[in-house]
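# Below is the sequence, then the predicted model.
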There are 6 protein chains.
Amino acid sequence: MERTNGRKADEKRSVKITRHFTKYAEGSVLIEDGETQVLCTASVITGVPSWLKGRGEGWVTAEYGLLPRATGTRTDREAAKGKQTGRTQEIQRLIGRSLRAVIDRKALGENTIKIDCDVLQADGGTRCASITGAYVALADAVNWMISKGLIEKSPLKDSVSAISVGMSEGQPVLDLDYVEDSSSDTDMNVVMTGSGAFVEIQGTAEGDPFTRDDLNRLLDLAEKGNKELAEAQNEALKA
Amino acid sequence: MERTNGRKADEKRSVKITRHFTKYAEGSVLIEDGETQVLCTASVITGVPSWLKGRGEGWVTAEYGLLPRATGTRTDREAAKGKQTGRTQEIQRLIGRSLRAVIDRKALGENTIKIDCDVLQADGGTRCASITGAYVALADAVNWMISKGLIEKSPLKDSVSAISVGMSEGQPVLDLDYVEDSSSDTDMNVVMTGSGAFVEIQGTAEGDPFTRDDLNRLLDLAEKGNKELAEAQNEALKA
Amino acid sequence: MERTNGRKADEKRSVKITRHFTKYAEGSVLIEDGETQVLCTASVITGVPSWLKGRGEGWVTAEYGLLPRATGTRTDREAAKGKQTGRTQEIQRLIGRSLRAVIDRKALGENTIKIDCDVLQADGGTRCASITGAYVALADAVNWMISKGLIEKSPLKDSVSAISVGMSEGQPVLDLDYVEDSSSDTDMNVVMTGSGAFVEIQGTAEGDPFTRDDLNRLLDLAEKGNKELAEAQNEALKA
Amino acid sequence: MERTNGRKADEKRSVKITRHFTKYAEGSVLIEDGETQVLCTASVITGVPSWLKGRGEGWVTAEYGLLPRATGTRTDREAAKGKQTGRTQEIQRLIGRSLRAVIDRKALGENTIKIDCDVLQADGGTRCASITGAYVALADAVNWMISKGLIEKSPLKDSVSAISVGMSEGQPVLDLDYVEDSSSDTDMNVVMTGSGAFVEIQGTAEGDPFTRDDLNRLLDLAEKGNKELAEAQNEALKA
Amino acid sequence: MERTNGRKADEKRSVKITRHFTKYAEGSVLIEDGETQVLCTASVITGVPSWLKGRGEGWVTAEYGLLPRATGTRTDREAAKGKQTGRTQEIQRLIGRSLRAVIDRKALGENTIKIDCDVLQADGGTRCASITGAYVALADAVNWMISKGLIEKSPLKDSVSAISVGMSEGQPVLDLDYVEDSSSDTDMNVVMTGSGAFVEIQGTAEGDPFTRDDLNRLLDLAEKGNKELAEAQNEALKA
Amino acid sequence: MERTNGRKADEKRSVKITRHFTKYAEGSVLIEDGETQVLCTASVITGVPSWLKGRGEGWVTAEYGLLPRATGTRTDREAAKGKQTGRTQEIQRLIGRSLRAVIDRKALGENTIKIDCDVLQADGGTRCASITGAYVALADAVNWMISKGLIEKSPLKDSVSAISVGMSEGQPVLDLDYVEDSSSDTDMNVVMTGSGAFVEIQGTAEGDPFTRDDLNRLLDLAEKGNKELAEAQNEALKA
C-alpha cells in the first residue's frame, strides 16, 4: 500500500542537518526532516539552577517554540498571549529529559546547557526533529566547552534521536508528515539512544485503541528510523 | 526478590473506589490506591467549547490539582503562584485524552463533561489513579444524564483504567509507590481499555535507557494490573 | 419560627472534627459543619518570610481554596484561571489574622506554620469552618514541633473559632447553611477566642441595613455558637 | 487622655469635600480627611456586566488604587507588578458593597456606575474616606443621569459614609491617623447610612482581642463620626 | 489661521508648576499644561537594581499611569487588567531615558531615584508634561539628598523638558491639546535640554507622511516651546 | 575616518531579500542586513478586530520576537517569562504604524494582515530590517489576495523602509552594526516611504545630547540609505 506522500511504510523523509546555522550560539543546528524545519541552538551558561547548587552536577534543559507562521494557519504567539500552552510545555520537558538521558551530569561540572528549539516550518514530527537536532547542537556545545578548557572530556555517554510512528489507515508507517498525522489513529514518538536502547516512548490512540501487536510493529519501524537518524547525526558531526 | 513495601513484583496495591463521596457533582468518586487518594468529580455542563459548536458533538475534558499538603513536603499552591506547572498540564491533558478514547462524542450530543481530579494524598501513581477514578465518575455522570433525559443511551464504548509500571533495582514491578518511583530507572504509565487494548503508553528512562525486552516485561505487568482495575471499576459501578 | 432546615434560631449544625485525616502534614484536620467539609492542613516550615528575618519571631499564614465541584454548579479552578479571586484572598487573609491573634510569635521562634484550608464541600460557612478547623491543625503542628524539640513550650495563648450569624426573614439565626445564607439580609462572621473575647467581626448588610439592636442579638448568638465550637475543639484535641 | 495628634478621643479630623475636581467624570470628588486625600470619580456606563443582562437592574461597582508615593515609603505600582494585592481587592469590594446598599438597582435601569477611588495621600483611613467621597461622586453621577434623561428619578435610597474607630493605648478613639493606626490594638471600620443604620462592620484585633464592652464603646464613637460625615456630605451636595 | 482653541500656531498653553503637592515624596510636583494635569513624585531609594550593583553608579527610572477617569471615557485600570499597555511602557521608558540624559550617574552614587508620573487629567501632551514636571521633582529630590548629606553636590548636568508639535490641517502647531492631537497628521514629541540640545525626537505620521521641510518647521516650534518650559522650570525651582 | 567594520560613514551593509522563505505564509521574506537576519511573514486573516468592525476598513498589525540565541548571550524567551518586554512592544507598535502609513485601509476591505517579524540573528538594526522586510512580505500578501479575488486592486500607496543612523565617535554614520550601536552617542531610526517622505523619526541621545546640525547630517544619511533600500525592495519584488 502506498502512502499519500509516495513513501513506503518504513521509509522516513530525507533529513538534512546544517551545523553553524547562526553565529552566536555555542551550538547552532538547522534540522530539516522533509519540510519540517527546526533551529536548535545550544547555549553554555556558567552555573546551575539554584535547586542544584553545590552538588557538583550540571544541568541540561530545553525550551521549544513555534514561529507563528510555521503552521498552515497562523498560531498565536505565546509571548503575546502571556503563557506557553500545555503542548509546548510537554514538548520542552520531553526534549530536556531525552538529552539528560545521554549526558553524565557529574562530568559536565556545575554548568548549564540550554537548548532552544524553534520551529520555522512545521510539517509534522517537530518534537522528534527537535530532539534529533538538539543532540547535534549539544555535541557542538560540548566540544566548544572542551576547546575552551571548561571541561576536560566529553560528558556525552551516547547519542539520542527521536522519530514518530503511527497507524495510518490501519497500517503502521514511519515518520508521519502533517497530513498523515492529522488522520492517523495512533501516534507514537520514540526516543532512542545511538546504541539502540529506549529513552522514551509516548504512544497515544487518537482514534481506535491499539493492540500489543500493533505496538510491536510500530516499535520495529521506530528502531529502523532511529538507526538511520543516528547515522545522519554521526555524519553531520564528522563533517 | 521482595519489594521494600513487601509486595510481590506483579502485585498492585489494594484499590478502593467510593462513589457519591461528595454530594453536588453528577459523579463523585474517591479512589484510594494504597495510600494515594484522589477525589474525581464529574460535572455535566450544557453546551460545548466555542471551537466545537455546531458539529453535534460533545466534549470531555479534565483538570488536575494537588492539594498543597498531599505531599511529604508542602507543594506550592498553583492558584497562588498564578499558573499551573508543566507537570500538571501534562497530566490533565493525559486524563482528558484517555477518557475521550472511550466515549462516542456524537452520542453525547452538544454537552460537556468536565472531570476534576484533586489529589488529597500522593503516594505515587496519582495520574493513573486519576484516570481510573475519573472513568467511574464519568460513568455516573452519564447515568445521571440518561436519568434526566438529556441523552437516551450511554455514549461509553468501553471502560478505561491506568497503572504505572517501572524498573526498580533492575526488576520490573507493578504499581510503584512514591519511594519506589523516586528510585526507579524507568517509569511507565499504561492506559488501557476494559477490553484490553492500549489507549496510551508513556514510558521514560529516568536513569539507564531500557531495552525492548524490559519493555515487554513491563507491558505484561501493566496488562495484569489494568485487568484487575477494570474489575474493580465494574464492581464499584454495580454496587 | 422554624428555619427551613428545621433548626432552632440559636441552634448550630453538628460539627465533627477528624484529626490525622491525611498522613503527611504536621497537622491534618477534616472539619465537617453539617454538610460543609473543609480539609485543614498545617505545614511546619523552617525560617520566616524575608521581610521578617532576624527579628526572632515566627509567622503563621493561611491559604484557602475551593475544589471546583465543592459547589452546586462548578466553580472555575483558580489555578487554571491564573489568579485567585478577591473572595479567596479576603478569606485567606482573615484565617491568617485569626490564627495569629492566639499565637505568641516570639515563642514560635523563626519558624513558619502555613495552614491550607481546602473546601471539599461547601454548604455555607466555609470561612468559619476553616478557622475552627485550622486552629486544631495548628495545635497539632505545635505539638509536633514540641515533640521534635523545635520549640520548648506551646506558643498558643488561647484557642480560636468562628461562626456565622445572620438576619434571615427578619430573625437572627446561628450558623447559616447555603440556602439561608443566599437569602439573608445580613451576614456576619464572628471570630472569638476560647476565653470569649472578639478577634474579628465582619458584618455585611446584603439587603436592608441593620440596627444596633439587630447587631446585639446577632452577637449573642455568635457568643453561644463559638462557645460550643471551643468545646468541640477541646474534645477533639483531647481524643 | 490626649491623643498624640492633639485630638480628643471622640474627635474626628476635619473633612473637606471638593466636587468637580476633574472635568471629564460624571462625578468627581476630592475628599480630604485630615492629610488623607482620595480622588473619587464616578463613570456612567450604558449597560451592565454580562451576568446581569436582561434583568432590568443596574450595577454599581468600585476600584481602588494607591498612587505609589501616597505613602511614607514608596509602594510598588500594582499595574507594574501585574496584580492587585489582596488588600486592594478587599477594599474595592467593600466600597462597592457599601454603595450598592443605598441604591435601588431596579430604579437605575440597565446602567453601570463605576467608582474609582485613587488615593493621592494616605494618612490612615483611606478606605473610609473612599466610601464617604464615593457616595458624593455617585450622587453627582445620578444627578447627571437625571439631567440627561437617562433615568427619571434618583435611585438613591439613603446616603452612606464610613469611619474608622480603634483601641489606642487602651482607649477607644475616633478616626485614627496613620501613626495611631499602626500602634492600635483594634481597628474597626464602620459603614453607616445617613439615617443611622449599619451597612458593614469590620473589626479586627491586631493585638489583644477585644471585649463586648470595648465593641460597644467603639460603636458609639462610630455613630457619632458617621453622623458628622453625613452632614458634611449633605452640605457638599447642597453647595 | 486660528486654531480651534484660539491659540496662535506657535503659542503653547499656560503651564503651572506646583512643588510640594503631596507631603511624603522627596520631590512632589503637580504640573498643569492647560487642562492636562500630571502628578510627578520622586522617591529616593538607597541602592541600585541588581544588574548595576558594584559599579559606583546610580539609576533614575520612571513609571507612568493614567487614572481611569483622566480621560473623556473611562480607561481600564491597568492594575485590574494585570498588565501595562504598550503605550504605557513606551512612555515610561521615554521619561526615564530623558531624565538620565541630564544626570551624572557617577555623581549620584549607588542610589536610585524613581519618578512616578500619574495623570489626573489628560487633555493631550501627557508624556511631555510628565517629562517637564518630572525634572522639577527630580531636582527637588536631588536637593533633598544634598540636604541629608547623601551626596555632596548636584549630579544634574542640565535641565530637561518636552513639548509636542504637529501638523494640524496642514499647518505646524505647538503643544497640541486632545482635540488637535486626534485630528493631526503628524505628531512629534521633542525632548530638549535647557541649553537647547536634543535628547529625543519622536515624530510619527499618523496620516500623510511629512517632508523634511515640515520637519524643520516643527522643530523650530519645538525649540521655542522648550525654551519657554525651561524658563518655567527655573522659576518654579527658584520659588 | 574609517569605521571599525571597514565601511565608509555613508555606506550601509549589503542587504539580501529572499521571498518565499517558508511555505505556508501568504508572504514570507528573509531579510539579511549584513549579519542581521529577520524572518518576516504576512498572514491574511478574514475580518478585523472587534473595535473596527462594521466600518468597511481593514487592519495591518505586527508582532516582533527575538529567538533566544539571536544574540551574543542568550536572551530570555518572552513566552517562558509570560510577558513581552517594553522594548518588544515598542518595536512591534512601530512596525505596525509604519506599514499602516502606506496602505489604504478602505481598499483593503474588512481584512487583517498580521506581520510577524522574528529575528534569527541580531547584529544591530533589527527593527529597521523588520520594517524593510515586512513591507515586501506585505506586498506578497496583497498580491496573493488579488490572485484569490479577495480584493480587486492593491491597497498599497507607496513602499516603506527603515534604516538606523547614529553619531559614532563624533561622526554621523549609516546603518550601525551591534558594536557601533553599543558605543554610539545618538541612535536614530528613520522610516521613509519609497517616494522620500518621512513616516517616523525616533532619535535618542544615549550619551551626549545632539544638536540641530547633527540631526540634519543624520537625516541626510538616512535619506540616502532608505533610497537604496527602496530599490532593493523593488528589485526583490520584480524577481
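Sure thing, it's come through. Numbering: from 1, shown residues only, chains lettered A, B, ... in the order given.
# which ones are touching the residue lying closest to A:Ile31 once chain neighbours are set aside?
Of all residues not flanking A:Ile31 in the chain, A:Gly133 sits nearest, at 3.2 Å (CB to CB, 6 or more residues apart in numbering or on different chains). C-beta here means a position set from N, CA and C on the backbone, and glycine is covered the same way. Taking CB atoms under 8 Å, 6 or more residues apart in numbering or on different chains, we find A:Gly133 in contact with A:Ile17, A:Val29, A:Leu30, A:Ile31, A:Val38, A:Cys40, A:Cys117.
# remind me which residues of chain A are low pLDDT?
A:1 (pLDDT under 70).
# Parallel or antiparallel, list what pairs with the one helix or strand A:Met192 maps to.
Here A:Met192 sits within strand A:186-193, counting by DSSP states H and E. Applying DSSP bridges, strand A:186-193 is found paired with strand A:160-168 (antiparallel), strand A:198-205 (antiparallel).
# Tell me the helix or strand right after the first one.
Remark: after strand A:160-168, the chain's next helix or strand is strand A:171-174, criterion DSSP H and E.
# Give me the contacts around that following strand.
Contacts of strand A:171-174 (CB under 8 Å, 6+ apart): A:1, A:3, A:7, A:9-12, A:163, A:165-167, A:180, A:184, A:214, A:217-218, A:220-222, A:224-225.
# about what we covered before: phi first, then psi, for the residue nearest to A:Ile31.
Here is the backbone geometry of A:Gly133 (degrees, to the nearest 10): phi -70, psi -40.
# Likewise for A:Leu52?
phi -110, psi 0.
# Please give me every residue in contact with it.
A:Leu52 neighbours (CB under 8 Å, 6+ apart): A:Trp59, A:Glu110.
# any idea how far it is from chain C?
20 Å (CB to the nearest CB, to the nearest Å).
# just A:Phe21 next, same as before
Distance from A:Phe21 to chain C, by CB to the nearest CB: 36 Å.
# just A:Gln89 next, same as before
14 Å.
# now the helices for chain A?
A:78-81, A:86-100, A:126-147, A:178-183, A:212-238 (DSSP state H).
# quick one, which of these is nearest to E:Pro155?
Counting by CB to CB, E:Pro155 lies closest to helix A:78-81 out of these; the figure is 37.0 Å.
# now that closest one: how far from the chain's centre is it?
Offset of helix A:78-81 from its chain centre (CA atoms, centre = their mean, to the nearest Å): 23 Å.
# Can you list the buried residues in it?
A:Glu78, A:Ala79, A:Ala80 (16 or more other CB atoms under 10 Å in any protein chain shown).
# Just say which of the helices of chain A is most tucked in.
Across these, averaging neighbours per residue (mean count of other CB atoms under 10 Å in any protein chain shown) puts helix A:126-147 on top, at a mean of 25.
# Alpha carbons of it, as CSV, please.
Output of helix A:126-147 as CSV, limited to C-alpha atoms (Å, rounded to 0.1, in the frame of the first residue of the first chain):
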residue,chain,number,x,y,z
THR,A,126,8.5,18.8,15.1
ARG,A,127,9.2,17.3,18.6
CYS,A,128,11.2,14.4,17.2
ALA,A,129,13.2,16.6,14.8
SER,A,130,13.9,18.9,17.8
ILE,A,131,15.4,16.1,19.8
THR,A,132,17.5,14.8,16.9
GLY,A,133,18.8,18.3,16.0
ALA,A,134,19.2,19.3,19.7
TYR,A,135,21.6,16.4,20.2
VAL,A,136,23.9,17.7,17.5
ALA,A,137,23.8,21.2,18.9
LEU,A,138,24.5,19.8,22.3
ALA,A,139,27.5,17.9,20.9
ASP,A,140,28.8,21.1,19.4
ALA,A,141,28.4,23.0,22.6
VAL,A,142,30.2,20.2,24.5
ASN,A,143,33.1,20.4,22.0
TRP,A,144,33.2,24.1,22.4
MET,A,145,33.5,23.7,26.2
ILE,A,146,36.4,21.3,25.8
SER,A,147,38.1,23.7,23.3
